[in-house]
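>>> Any chance you could fold what I've pasted below:
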Amino acid sequence: APQRPPHRPRHRWLAFVTVFLLIAIPAGYLGLSAYQSRDSGEDKARVASARALIYEWPSKVQRRIYDIPIPDGSAYVGYYETNSWDRSTMYVEFRCSPRQLSAFLEELGAEYGDLEPGVTIDRANADTVGWNFDDPSREYAGTVVRQSREEPEVSVTVDLTREERPRLFVVSTTEP
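Modelled structure (predicted):
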């Protein structure tokens with residue numbers, strides 16, 4: 001019987017493409033995951049090393065923990081968070097419309113009428129992020145929302161100098 005040459009697949013390119021994809025796709029996925037993980041760590045390090053307000057929105061988790069329902073459409077949003085064994089505090093600053101201010105206060109459990117003339121954020125908290133409430137040309141009003149023991153205490157001071165675009169300063173403190 002005559003010997004036949006070994007079987008050679010006709011579609012060698014198909015076998016090559018299949019092997020390439022079986023190697024390239026997982027390798028690409030691993031490279032992308034490593035890159036994203038590295039970026040995530042850099043963002044967290046930047047936030048952790050901050051010593052003043054960071055002008056971006058706090059995460060939804062942070063807003064929920066500290067009970068700071070920043071209204072959609074708010075502008076110039078900045079925040080700063082401090083943590084220790086016995087106390088965690090978040091400082092938030094933003095501008096919004098009068099209607100958004102009312103909605104913000106309602107969601108906190110207060111009303112626009114609860115705002116009393118003056119500043120409700122103490123000097124130590126204001127100094128932490130560089131807020132200065134000493135300007136006599138500005139009109140401030142504020143309230144402190146005290147909730148149950150499990151929920152944070154929220155101090156709100158509103159700069160009403162520009163009535164069409166109030167500027168809010170919020171300090172929310174949680175204690176275990």
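>>> contacts and neighbour counts: CA atoms only from here.
Noted.
>>> give the contact list for residue 145.
Residues near residue 145 by C-alpha atoms under 8 Å, 6 or more residues apart in numbering: 108-110, 153-156.
>>> out of these, who's nearest residue 75?
residue 156 (16.8 Å; C-alpha to C-alpha).
>>> Tell me the most packed of the contacts of residue 145, by neighbour count.
residue 154 (25 neighbours; other C-alpha atoms under 10 Å).
>>> Please, where are all the strands along the protein?
75-83, 88-95, 116-117, 140-145, 153-159, 167-174 (DSSP state E).
>>> Point me to the residue sitting closest to the centre of this protein.
The residue lying closest to the centre of the chain (C-alpha atoms, centre = their mean) is residue 58, at 1.2 Å.
>>> can you pull out the helices in this structure?
12-48, 60-65, 98-108, 123-129 (DSSP state H).
>>> just how off-centre is the longest one within its chain?
Translated: helix 12-48. 27 Å (C-alpha atoms, centre = their mean, to the nearest Å).
>>> can you check the last one too?
With C-alpha atoms, centre = their mean as the basis, the distance from the averaged C-alpha position of helix 123-129 to the chain average is 20 Å.
>>> now could you export just the CA positions of it as PDB?
Only the C-alpha atoms of helix 123-129 are listed here, as PDB (Å, rounded to 0.1, in the frame of the first residue of the first chain):
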ATOM      1  CA  ARG A 123     -14.700  78.700  62.900                       C
ATOM      2  CA  ALA A 124     -12.700  75.400  63.400                       C
ATOM      3  CA  ASN A 125     -14.600  73.600  60.700                       C
ATOM      4  CA  ALA A 126     -14.500  76.700  58.400                       C
ATOM      5  CA  ASP A 127     -10.700  76.900  58.900                       C
ATOM      6  CA  THR A 128     -10.300  73.300  57.900                       C
ATOM      7  CA  VAL A 129     -11.200  74.000  54.300                       C
END
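>>> Look up the closest residue to residue 163, ignoring the ones flanking it.
Leaving aside its chain neighbours, residue 163 sits nearest to residue 98 (7.2 Å; criterion: C-alpha to C-alpha, 6 or more residues apart in numbering).
>>> Around the one you found, count how many other residues there are.
16.
>>> what does the one 4 residues further on give?
Residue 102 is flanked by 17 other residues according to other C-alpha under 10 Å.
>>> Can you give me the distance of it to residue 83?
29 Å (C-alpha to C-alpha, to the nearest Å).
>>> sorry, back to before: so which of the helices of the chain has the densest surroundings on average?
helix 98-108 (a mean of 17; mean count of other C-alpha atoms under 10 Å).
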